[in-house]
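Chemist: the following block contains a protein sequence and its predicted model.
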2 protein chains.
Amino acid sequence: MTARRSARGTLAGDAEEPPAAPVPEQATRPLRADAARNRQRILEAAEEVFARDGIAVPIDTVAERAGVGVGTLYRHFPTKEALFEAVVLRRLDELLAAVAEPADDATASFFAFLEQMGEQVALKHDLFDALAEAGVDLEARCAAKVGTLKEEVRALHGRAVAHGGVRADITADEVMGLVIGACSHAQAPGAVDDSTRRMVRVVCDGLRTDR
Amino acid sequence: MTARRSARGTLAGDAEEPPAAPVPEQATRPLRADAARNRQRILEAAEEVFARDGIAVPIDTVAERAGVGVGTLYRHFPTKEALFEAVVLRRLDELLAAVAEPADDATASFFAFLEQMGEQVALKHDLFDALAEAGVDLEARCAAKVGTLKEEVRALHGRAVAHGGVRADITADEVMGLVIGACSHAQAPGAVDDSTRRMVRVVCDGLRTDR
DNA sequence: TGACAAACGGAACGCAGGTTCCGTATAGTG
DNA sequence: CACTATACGGAACCTGCGTTCCGTTTGTCA
């Protein structure tokens, strides 16, 4: 069940890898073996469960899925939001990586990214929640990263407009809102359904100047 | 702010038989004057409050706004959902009326309706919730009316496609989903913001064959 | 292997929100 | 004006869920 996650190879089970730990912490002593294992399991379970049900899912579901008690979960993540953040930050990083992917021209880059974003948002309900700000106020670090993403989209959009392929009478925020909105009804598990894909395509077509 | 997607009616109690009391109001004895007045106040308050906050708003908020106690509210409406239904059914009727409004041709009718729908959905968060099925299972009568609406949109869309102004490679459900999705981020109180209107316009443009 | 800090699990707590209960108030009537 | 069915208000109750607490288990190290 934890399959699709490994596609990125980004973390797997080694030491701390988030670029720069949250706080400039002084000499974190290494986790005990069982603790490290559980932490990993919790993260994997959270990724699955949050993707399927969004942030609304009860924390117990994550704990159960991970095969640990809630107490253990809270030992590793001080709040539900902290766990959510841990999951979503990674998702946002993946999206940000997609921004940089090369394409034929500015317009193509723009639409390629939007499609990618649609896929991810449709597939990961937590990402939807984070971007739609449906959950309460997301943690500062999350908000910051969302801000970065918005900035990138703004740039991407700006370039595509300059290139002449995309209408200018709309903001980058609105573009994101449209794509996210089109994914509102997406089913989470498994692959992205055709319906959602079609809806994103309509949005993209609405953004084109040519066509 | 508002929970939107995660909105979840709390239906406590059991999962008993649907009494299916299709009791067509038979000679209900007239309400006492104060009761009638309160019922009216509750409905008005609910319309306001649900429009602003969607179904996620606590029932106490409605009661307070109406200037009655919760007990009174429950005397008039057996559950929160029942009250919600009472409000939304009226909204749905208004939308259905808009379907019939005359326009130049099938294509124009279609887009005029979508715009109208966008306005209403953006303005009334309860309508959004009902159409996005964010709250759990909406009452049967609500679901039925939503079904009728979908049917009408299907017809409208079919005619517009036949008329040649609208692309055919999308279903009426998806069209509705797109408009609703575009309104996801709308602020409730006051008038529809330009941003939302722009987003709906992009969706409509994406649906056009010409342009 | 024994000792102990670290980690575990899950019962218990607190709060929020829907729903019920019941003592009190009042409209309507004779 | 008295009487009663109707209606009222809001405290109390119940459930779901996030979080905390604490007695028990276990990894690690000497």
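Modeler: Noted; the coordinates are in hand. Residues are numbered from 1 along each chain as shown, chains lettered A, B, ... in the order given.
Chemist: residue contacts, A:T171?
Modeler: Listed by Cβ atoms under 8 Å, 6 or more residues apart in numbering or on different chains, the contact partners of A:T171 are A:154, B:195. Any C-beta I mention is one placed from the backbone N, CA and C, and that applies to glycine too.
Chemist: A:A82 now?
Modeler: Going by Cβ under 8 Å, 6+ apart, A:A82 touches A:E139.
Chemist: hmm, 7 Å instead?
Modeler: Neighbour list for A:A82: empty [criterion: Cβ atoms under 7 Å, 6 or more residues apart in numbering or on different chains].
Chemist: can you map out the helices along chain A?
Modeler: Under the criterion DSSP state H, chain A contains helices at A:33-53, A:59-66, A:70-76, A:80-99, A:106-123, A:125-132, A:140-163, A:172-182, A:194-207.
Chemist: can you list the buried residues in the last one?
Modeler: Along helix A:194-207, the positions that meet the burial threshold by neighbour count (16 or more other Cβ atoms under 10 Å in any protein chain shown) are A:195-207.
Chemist: how about it and chain B, any contact?
Modeler: Yes. Applying Cβ under 7 Å from any Cβ of the partner chain, one finds helix A:194-207 in contact with chain B at A:195, A:198-199, A:202-203, A:205-207.
Chemist: so how many other residues sit close to the residue of chain A found nearest DNA strand C?
Modeler: When scored by Cβ to the nearest atom of the strand, chain A has A:G71 as its residue closest to DNA strand C, at 1.9 Å. Summarising burial for A:G71: neighbours were counted as other Cβ atoms under 10 Å in any protein chain shown, giving 8.
Chemist: for it, what are its contacts?
Modeler: Contacts of A:G71 were listed using Cβ under 7 Å, 6+ apart, and none were found.
Chemist: how far away is it from DNA strand D?
Modeler: In this view, A:G71 and DNA strand D are 4 Å apart by Cβ to the nearest atom of the strand, to the nearest Å.
Chemist: what of A:A45?
Modeler: The value you get for A:A45 to DNA strand D, if Cβ to the nearest atom of the strand is used, is 14 Å.
Chemist: ok, the closest residue to A:G158 other than its chain neighbours to DNA strand D distance?
Modeler: Spatial nearest neighbour of A:G158, chain neighbours left out: A:A172 (7.9 Å); criterion: Cβ to Cβ, 6 or more residues apart in numbering or on different chains. Here A:A172 is placed at a distance of 32 Å from DNA strand D (Cβ to the nearest atom of the strand).
Chemist: and A:A172, what does it touch?
Modeler: Listed by Cβ under 7 Å, 6+ apart, the contact partners of A:A172 are A:150, A:153-154, A:157.
Chemist: okay, the residues you listed in CSV with pLDDT and neighbour count next?
Modeler: Shown next, in CSV, are the contacts of A:A172 (pLDDT from 0 to 100; neighbours: other Cβ atoms under 10 Å in any protein chain shown):
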residue, pLDDT, neighbour count
A:K150, 96, 16
A:V153, 97, 22
A:R154, 97, 15
A:H157, 97, 25
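Chemist: farthest pair within those?
Modeler: Considering Cβ to Cβ, no two members of the contacts of A:A172 lie farther apart than A:K150 and A:H157, which are separated by 10.2 Å.
Chemist: quick check: mean pLDDT of stretch A:200-211?
Modeler: Regarding stretch A:200-211, the rounded mean pLDDT is 93.
Chemist: number of nearby residues for the spatially closest residue to A:G67 that is not a sequence neighbour?
Modeler: Counting by Cβ to Cβ, 6+ apart, A:G67 lies nearest to A:R41, which is 6.5 Å off, once chain neighbours are set aside. Other residues within reach of A:R41 by the criterion other Cβ under 10 Å amount to 19.
Chemist: A:H76 touches A:R39, doesn't it?
Modeler: Yes. Taking contacts as Cβ atoms under 7 Å, A:H76 lies within contact range of A:R39: 4.9 Å.
Chemist: for chain A, what are the low-confidence residue spans?
Modeler: Scanning chain A for pLDDT under 70 picks out A:1-27, A:134-136, A:211.
Chemist: cool, thanks, talk later.
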